[in-house]
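1. Next come a sequence and a model predicted from it.
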There are 2 protein chains.
Amino acid sequence: MFKLLENKLKSENGFNASQIEELLSCFQSLTTEKHQILLHKGETARHLGCLRVFCIQPDGKESTRFFAFEGRFGTAFPSFILQQPSVALIDTVDKSELLRINYHDFQTLLATVPGWETLYRKELERDYVESILRIESFVTMNAAERYQRILQHEPHLIHRLPNRIVAIYMGISQETLSRLKSDRRF
Amino acid sequence: MFKLLENKLKSENGFNASQIEELLSCFQSLTTEKHQILLHKGETARHLGCLRVFCIQPDGKESTRFFAFEGRFGTAFPSFILQQPSVALIDTVDKSELLRINYHDFQTLLATVPGWETLYRKELERDYVESILRIESFVTMNAAERYQRILQHEPHLIHRLPNRIVAIYMGISQETLSRLKSDRRF
């Protein structure tokens, strides 16, 4: 995982060797099981990592905020930014090897390593844009159109996640999802 | 408006006088009428400014993405970042005096004026956090609780916007909004 992050840093923003070393030194490696809860509701998000961020309603229903796969960052963002208790939970969809960085080191890097803020800002833009487009897809598209959109932009969601999780993410039943998956037009 | 922006820049990030001059020079002033459409669906957002960003569904219903009042930036964000046609419209809720900056100058400033990226990044964090919390309020709170939340965090929305606009923003009828407004408990 460190190699993956190192390569990402090398290919972006022209970080020099000593900056890369400083950035990598702020991350800790963490190996997890499948469906391991990394953050409970009420805890404050103190790290960024690769995972699923979701909420459990009082009636027990789950709603997913987003997934972060390899190479992407994820956290319970309001909790992390405001350093307040989270309403969302974070779990690992699969056994994972994660890298995580704590809030304090993350803020230090923003202030001290030029280019790190640019990298973070671009990830933020990408996530915010995707969040807006996803919310609007619920309003402007039907289930089949939303399925096609995910198949086009984030096929790994369909191929790597259990049906139960994808159905929650799409706000549809597992039966509807199975029907969409077996539809030859897609 | 330039004075307002100049004061904002002076109070943040320690910009020096020549950087402030460079930043201000990239903004153009624009005076608008009430409900003037600044961006039509299908146009590409080429500016940031202060305004209401909303979508019109095929059935004619409106859904508001967000408002940007004095001192805040706003645009049809996916369109602006991706430089693609917008599905959202932008209009001015009131007669306004706006400052706007075009995409090209905005990118140049990010690359050339240290501290500008930090200012933008912090605005981005604030908007993304607010967006997440607002979406989740629809799932976890009833109308009265959401009304209280807006009254607490963004009272100017309630006090300055027409009931029709606030009701759309809250996803409730104008009757329900009137009832909430006259409830003495709030």
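-> Great, that's in hand.

2. Going by C-alpha atoms from here, please, whenever you check contacts or count neighbours.
-> Fine.

3. Verify the contact between residue A:76 and residue A:89 for me.
-> Yes. Under the criterion of C-alpha atoms under 8 Å, residue A:76 makes contact with residue A:89 at 7.4 Å.

4. So for these two, which sits in the more crowded spot?
-> residue A:76 (28 against 22; other C-alpha atoms under 10 Å in any protein chain shown).

5. now the helices: where do they sit in chain A?
-> For chain A, applying DSSP state H gives helices covering A:2-11, A:17-25, A:77-82, A:103-112, A:116-140, A:143-153, A:155-160, A:163-170, A:174-182.

6. Generate TSV for the ones you listed, with distance to chain B and mean pLDDT as supplementary columns.
-> Supplementary listing: the helices of chain A in TSV, determined by distance: least, C-alpha to the nearest C-alpha, whole Å; pLDDT from 0 to 100:
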stretch	distance to chain B	mean pLDDT
helix A:2-11	18	80
helix A:17-25	18	86
helix A:77-82	5	86
helix A:103-112	9	89
helix A:116-140	5	87
helix A:143-153	15	92
helix A:155-160	20	85
helix A:163-170	14	88
helix A:174-182	21	95
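
7. Could you export those helices as CSV, including mean neighbour count?
-> Formatted as CSV, the helices of chain A follow (neighbours: other C-alpha atoms under 10 Å in any protein chain shown):
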stretch, mean neighbour count
helix A:2-11, 14
helix A:17-25, 15
helix A:77-82, 19
helix A:103-112, 14
helix A:116-140, 16
helix A:143-153, 15
helix A:155-160, 14
helix A:163-170, 18
helix A:174-182, 14
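
8. Quick check: which of the ones you listed is nearest to residue B:63?
-> helix A:116-140 (9.0 Å; C-alpha to C-alpha).

9. Return the distance of stretch A:172-186 from the chain's centre.
-> What separates the centre of stretch A:172-186 from the centre of its chain is 24 Å, taken as C-alpha atoms, centre = their mean, to the nearest Å.

10. Which residues does that stretch contact?
-> Residues from elsewhere that reach stretch A:172-186, judged by C-alpha atoms under 8 Å, 6 or more residues apart in numbering or on different chains: A:143-144, A:147-148, A:163-164, A:167.

11. So which of those is the closest to residue B:132?
-> Nearest to residue B:132 among the contacts of stretch A:172-186, with distances taken as C-alpha to C-alpha, is residue A:167, at 20.4 Å.

12. if I look at that closest one, how far off is residue A:176?
-> Computed with C-alpha to C-alpha, to the nearest Å, the distance linking residue A:167 and residue A:176 is 8 Å.

13. next one: residue A:42
-> Counting by C-alpha to C-alpha - residue A:42 and residue A:176 are separated by 33 Å.

14. And for residue A:7?
-> Relative to residue A:176, and taking C-alpha to C-alpha, residue A:7 is found at 40 Å.

15. of all the contacts of stretch A:172-186, which two lie farthest apart?
-> It's A:148 and A:164 that sit farthest apart of the contacts of stretch A:172-186, by C-alpha to C-alpha, at 17.9 Å.

16. closest one to residue A:63 among the helices of chain A?
-> Taking the helices of chain A one by one with C-alpha to C-alpha, helix A:163-170 is closest: 6.2 Å.

17. tilt between that closest one and helix A:143-153?
-> Orientation of helix A:163-170 against helix A:143-153 (axes from the mean of the first three to the mean of the last three C-alpha atoms, to 10 degrees) gives an angle of 100 degrees.

18. mind saving the C-alpha coords of helix A:163-170 as CSV?
-> C-alpha atoms of helix A:163-170 as CSV (Å, rounded to 0.1, in the frame of the first residue of the first chain):
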residue,chain,number,x,y,z
ASN,A,163,-25.8,-7.3,-4.2
ARG,A,164,-27.2,-6.3,-0.8
ILE,A,165,-24.7,-3.4,-0.6
VAL,A,166,-25.2,-2.2,-4.2
ALA,A,167,-29.0,-2.3,-3.7
ILE,A,168,-28.8,-0.1,-0.6
TYR,A,169,-26.5,2.3,-2.5
MET,A,170,-29.0,2.5,-5.4
